[in-house]
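K.L.:
Quick check, what structure comes out for this input:
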Amino acid sequence: MSPIEWPKVKLADYVDLLSGFPFKSAGFSTASDDIPLVKGENVHQGFIDWNKAKRWPKNQVDGLDKYWLKPGDVVLAMDRPWIEAGLKQACICEHDPASLLVQRVSRLRGENGLLTDYLRHLIGSSMFTDYIKPIVTGTSVPHISGAQIKSFEFRLPPLPMQRRIASILSAYDDLIENNTRRIAILEEMARRLYEEWFVRFRFPGHEGSAMTGGLPAGWCRATLGSITTKIGSGATPRGGKSAYFDSGVTLIRSQNIFDYNFVDKGLAFLDDDQAAQLQGVAVEPDDVLLNITGASVARCCMVARRHLPARVNQHVMLIRADSVRMEPSYLLCAINSVEMKRQLLAYAQTGSTREALTREMMSQFAVLLPDHGTLRKFGKIAGDIFRQREILADKNANLRTTRDFLLPKLISGELDVSALPEPQAETA
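P.N.:
Sure thing, here's the model as predicted:
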């Protein structure tokens, strides 16, 4: 059967759609072993940010059986479903934690001849995004309804074709997920190393180190301004979004910055003249990037070298370590540590109108400064960890580019799936 002969159908006849439960915020838990909740705020473009998930007490789940999510489920945010970075949709993976669905997020499963594995790619396609964007309603909180989701029309391939298309695209997703798990392990290694050395003070040679004023001998607290050579944020070119280009010099914005993680979705680009106007915030390798406004304030990662040359807009601050006094990897781990993150979020609340961190605040922000030898040892170990992490992130970026190129062509039937090989995992 050729693609033109695939029947045109409505999603309503082929999907089991469930909206989440209205959990009360007063009942949320802070215990790390309680149940994470999938809310619209932690559903992103193809992934769920579990680090930001609210939690529900595990002893209060009676009557919630139908709201448990399982591997393969497709989730779609119904409030602000589309933002500039893309559609807020994701798939629950095998290694994701057991979780519960919250209201204003829909869970979708295929039925009646629509495979859920195929459905996840259909929802992630530009075809579905192009359908959703113009029907989003509401001014204060743009939203879509379950009925609108179900009204989506598409051509339904035969089951063997669905399996083949899903198999090809899922092979890319599986490789991405495997690399993502490895990245998470590397990030955890860096976090634990930082906590062991600089929170518990069990650094190499700590047994013979005297304590002075609550710190090991030779250690002190220094302002961020004294251990960096650059602290600054940029601007949005005149004309806003309409002034962006499809390629050129990368403009890094707040939606690209997560803790330890640089997200490629939503990148904007400048021409040479625009970039020249922002030369003062030209990003260099190993620069630390910090979100300084809004709901994502205090999220922090290191620049992805694959996107250099780059600039930052007014919502992102670049922090450049002084190579004589500071290690970039230490600076990144320090800012992302539990205590410093707590302090930064408290500082951000002092603004009169919105959460914000200013250059003056950050320049005066106190950072633990270990002795030179300990700092360099940490920088070597953590630096190697983050280099391995970047290699895996680069591989994922390439895999996503290829998958995103293939997806619309496979969904539409433009490509003959019988001639396409599946990607192969690299051998060590």
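
K.L.:
centre of the chain versus stretch 118-134, how much separation?
P.N.:
Relative to the centre of its chain, stretch 118-134 is centred 20 Å away, using C-alpha atoms, centre = their mean, to the nearest Å.

K.L.:
what's that stretch in contact with?
P.N.:
15, 46, 72, 74, 76, 81-82, 86-87, 89, 91, 108-110, 144, 148, 152, 154, 157, 162-163, 165-166, 169-170, 407-408, 410-412 (C-beta atoms under 8 Å, 6 or more residues apart in numbering). Where C-beta positions appear, they are placed from N, C-alpha and C, glycine not excepted.

K.L.:
all strands in the stretch 101-250 of the chain, in order from the N-terminus.
P.N.:
Listed from the start of the chain, the stretch 101-250 of the chain has strands (DSSP state E, counting those that start in this stretch) covering 105-110, 153-155, 211-212, 215-216, 220-223, 228-233, 249-252.

K.L.:
Then the stretch 301-428 of the chain?
P.N.:
310-312, 316-321, 366-369.

K.L.:
To V38, which of the ones you listed lies closest?
P.N.:
Among those, strand 316-321 comes nearest to V38, with 27.1 Å by C-beta to C-beta.

K.L.:
picking that back up, inside helices: which ones of the contacts of stretch 118-134?
P.N.:
Residues of those located in helices (DSSP state H): 148, 162-163, 165-166, 169-170, 407-408, 410-411.

K.L.:
before we move on, back to that, quickly compare the strands of the stretch 301-428 of the chain and say which is most buried.
P.N.:
strand 310-312 (a mean of 27; mean count of other C-beta atoms under 10 Å).

K.L.:
ok now do V288, which residues does it touch?
P.N.:
By C-beta under 8 Å, 6+ apart, the neighbours of V288 are 300-303, 318-321, 328, 331-332, 335.

K.L.:
try it again with 10 Å
P.N.:
By C-beta atoms under 10 Å, 6 or more residues apart in numbering, V288 lies in contact with 228, 231, 300-303, 317-321, 326, 328-329, 331-332, 334-336.

K.L.:
what about A397, how many neighbours?
P.N.:
15 (other C-beta atoms under 10 Å).

K.L.:
Kindly report the same for L420.
P.N.:
Using other C-beta under 10 Å, L420 has 14 neighbouring residues.

K.L.:
One more: A243?
P.N.:
A243 has 14 neighbours, counted by other C-beta under 10 Å.

K.L.:
Let me know the pLDDT of it.
P.N.:
Confidence at A243, expressed as pLDDT, is 84.

K.L.:
Backbone torsions only: list them for the spatially closest residue to it that is not a sequence neighbour.
P.N.:
Leaving out its chain neighbours, the residue that sits closest to A243 by C-beta to C-beta, 6 or more residues apart in numbering is P237, at 4.5 Å. Main-chain torsions, P237, degrees, to the nearest 10: phi -60, psi 150.

K.L.:
Alright, calling it a day.
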